[in-house]
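Asks: Using only what follows, build the 3D model:
(chains A, B, C and D)
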2 protein chains.
Amino acid sequence: MDFAARRFAENGYHPTSVAEIVEGMSVGKGVFYWYFSSKEELMLEILRESQTELRRRQQQAIGDEPDPVRRIELGIRATLAWLAQHRHLVTLFAQAATEQRFTDALRQGQQVAVADVARHVKEGVVAGRIRDADPEMLTHAMLGVINHLARTFVIDRGEPADDVADAAVAFCLTGLLGEPASS
Amino acid sequence: MDFAARRFAENGYHPTSVAEIVEGMSVGKGVFYWYFSSKEELMLEILRESQTELRRRQQQAIGDEPDPVRRIELGIRATLAWLAQHRHLVTLFAQAATEQRFTDALRQGQQVAVADVARHVKEGVVAGRIRDADPEMLTHAMLGVINHLARTFVIDRGEPADDVADAAVAFCLTGLLGEPASS
DNA sequence: ACGGCTCTTGACCATCCGGTCAAGTACTGC
DNA sequence: GCAGTACTTGACCGGATGGTCAAGAGCCGT
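Replies: Residues are numbered from 1 along each chain as shown, chains lettered A, B, ... in the order given. Just a heads-up that it's a prediction; the model follows:
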């Protein structure tokens, strides 16, 4: 399954044939259709599994940190570290996002993650640590930053995830202008 | 060509066959291969044209505004307005980004845009209006915000581009914490 | 040793797709 | 009206693809 994920990420979902996958794993085609009912099913399985794994990593990184802003920062760093370790999945997610058949599965996982982060944001707003704006909007804005920075600098250019994480955190917290000395 | 772009965006590049396109336009297949040398070529043409059109719109919106920060804001607003008017192209760009064959064409256009924005950022840094960080990194972070917010709120949920632009500008300028009263 | 179960094989099928091409059609200049 | 050019048609082709299936292989419990 990991092998298939890598092939999908490298070659693209459509251009990667089932024949190619089973050949790469040195098994017959029957094995594939014994464990998965279709190529699409395999993709969905990969997606679901990856998303839950990422989520686990995020929550583990956050631990029981009391400060909501610091929780967000830890989440960002954990996400970038995980994405750097699973580069091919970043590509896979991007592909899945452009296929109607997969957007539902993807959105479902994302909504859980967003709701989770938004909770921390809301807490930060209540505590007066974060400016008063729609928490969901703020969360999505951060998601955009993290995703794009990960893709551009970590995946495409191979820069160290830590450095990119520093930049992502700084931008998410203070934007272009900012400078508030916090945490 | 616009018709083809919409089909690609709705159905996906791979699942949309040339036969489907020419049938939808009520012409023979020969016409297609008279004007384009291949399906791939058509896609590249669409991509190039769209990117230059967006760029034109951005520059026109910026005009000769002297304040670099305000220039960036105008650019963000113009981008979101354009993306809202050409929703299908947002989907197309996303798809192209996941296909090795198209990433070069896409990246080329993006690099021009990034360089352009980065220039304004750099100017802002020099003027002391923007915090001192890698202008390219800041630019990419903003790109991520704009793209993701556009996709999530404007394309998927149909929220008014202006409201989303307000949120995008606010986030890009002051991040989560922000509050500096500027411009 | 034998029936029955899980698991594996790979040839095969129906279908579809990008692209070609011989055969036009409409229009222009003469 | 003729020749030549610009454009259009749609049947057709070679090849690839997702998925099926009859035929086993290994492995039980009995």
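
Asks: Is the helix ranked longest in chain A in proximity to chain B?
Replies: Ranked by number of residues, the top helix in chain A under DSSP state H is helix A:100-126. Yes: on the criterion Cβ under 8 Å from any Cβ of the partner chain, helix A:100-126 is in touch with chain B at A:Gln100, A:Val121, A:Gly124. Glycine gets a C-beta too; all of them are placed from N, C-alpha and C.

Asks: and which of the residues you listed is nearest B:Pro135?
Replies: A:Val121 (27.3 Å; Cβ to Cβ).

Asks: In contact with that closest one, which residues?
Replies: When contacts are counted by Cβ atoms under 8 Å, 6 or more residues apart in numbering or on different chains, A:Val121 touches A:Pro68, A:Ile72, A:Ile130, A:Pro135, A:Leu138, A:Thr139, B:Leu176.

Asks: Can you add pLDDT and secondary structure and give those back as a markdown table?
Replies: Formatted as a markdown table, the contacts of A:Val121 follow (pLDDT from 0 to 100; DSSP: H, G, I helix; E, B strand; the rest coil):
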| residue | pLDDT | secondary structure |
| --- | --- | --- |
| A:Pro68 | 93 | helix |
| A:Ile72 | 95 | helix |
| A:Ile130 | 90 | coil |
| A:Pro135 | 95 | helix |
| A:Leu138 | 94 | helix |
| A:Thr139 | 96 | helix |
| B:Leu176 | 66 | coil |
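
Asks: Name the nearest of the residues you listed relative to DNA strand C.
Replies: If you rank the contacts of A:Val121 by distance to DNA strand C using Cβ to the nearest atom of the strand, A:Thr139 comes first, at 37.9 Å.

Asks: what's the burial count for that closest one?
Replies: If you count neighbours by other Cβ atoms under 10 Å in any protein chain shown, A:Thr139 ends up with 23.

Asks: My guess is it contacts A:Ala118. True?
Replies: Yes: the criterion here is Cβ atoms under 8 Å, and A:Thr139 meets it with A:Ala118 at 4.7 Å.

Asks: Taking chain A, what residue is nearest to DNA strand D?
Replies: For chain A, Cβ to the nearest atom of the strand, closest residue to DNA strand D: A:Ser17, 3.0 Å.

Asks: how close does that residue get to B:Asn147?
Replies: According to Cβ to Cβ, to the nearest Å, A:Ser17 stands 31 Å off from B:Asn147.

Asks: who's more crowded, the two?
Replies: Neighbour totals were compared for A:Ser17 and B:Asn147, and B:Asn147 leads with 21 against 12 (other Cβ under 10 Å).

Asks: The closest residue to the more buried one other than its chain neighbours in helix, strand or coil?
Replies: Of all residues not flanking B:Asn147 in the chain, A:Gly144 sits nearest, at 6.0 Å (Cβ to Cβ, 6 or more residues apart in numbering or on different chains). With DSSP: H, G, I helix; E, B strand; the rest coil as the basis, A:Gly144 sits in helix.

Asks: CA-only coordinates of the host helix or strand of A:Ala167, as CSV, when you get a sec.
Replies: Element membership of A:Ala167 [criterion: DSSP states H and E] is helix A:161-174. The C-alpha coordinates for helix A:161-174 follow below in CSV (Å, rounded to 0.1, in the frame of the first residue of the first chain):
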residue,chain,number,x,y,z
ALA,A,161,11.6,21.6,7.7
ASP,A,162,12.6,23.4,10.9
ASP,A,163,13.6,26.6,9.1
VAL,A,164,10.4,26.6,7.1
ALA,A,165,8.5,25.9,10.2
ASP,A,166,10.1,29.0,11.8
ALA,A,167,8.9,31.1,8.9
ALA,A,168,5.5,29.6,8.9
VAL,A,169,5.0,30.2,12.6
ALA,A,170,6.2,33.8,12.4
PHE,A,171,4.0,34.5,9.5
CYS,A,172,0.9,32.9,11.0
LEU,A,173,1.4,34.8,14.2
THR,A,174,2.4,38.2,13.0
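
Asks: Next, see if that helix gets close to chain B.
Replies: Yes: judged by Cβ under 8 Å from any Cβ, helix A:161-174 and chain B are in contact via A:Ala167, A:Ala168, A:Ala170, A:Phe171, A:Cys172, A:Leu173, A:Thr174.
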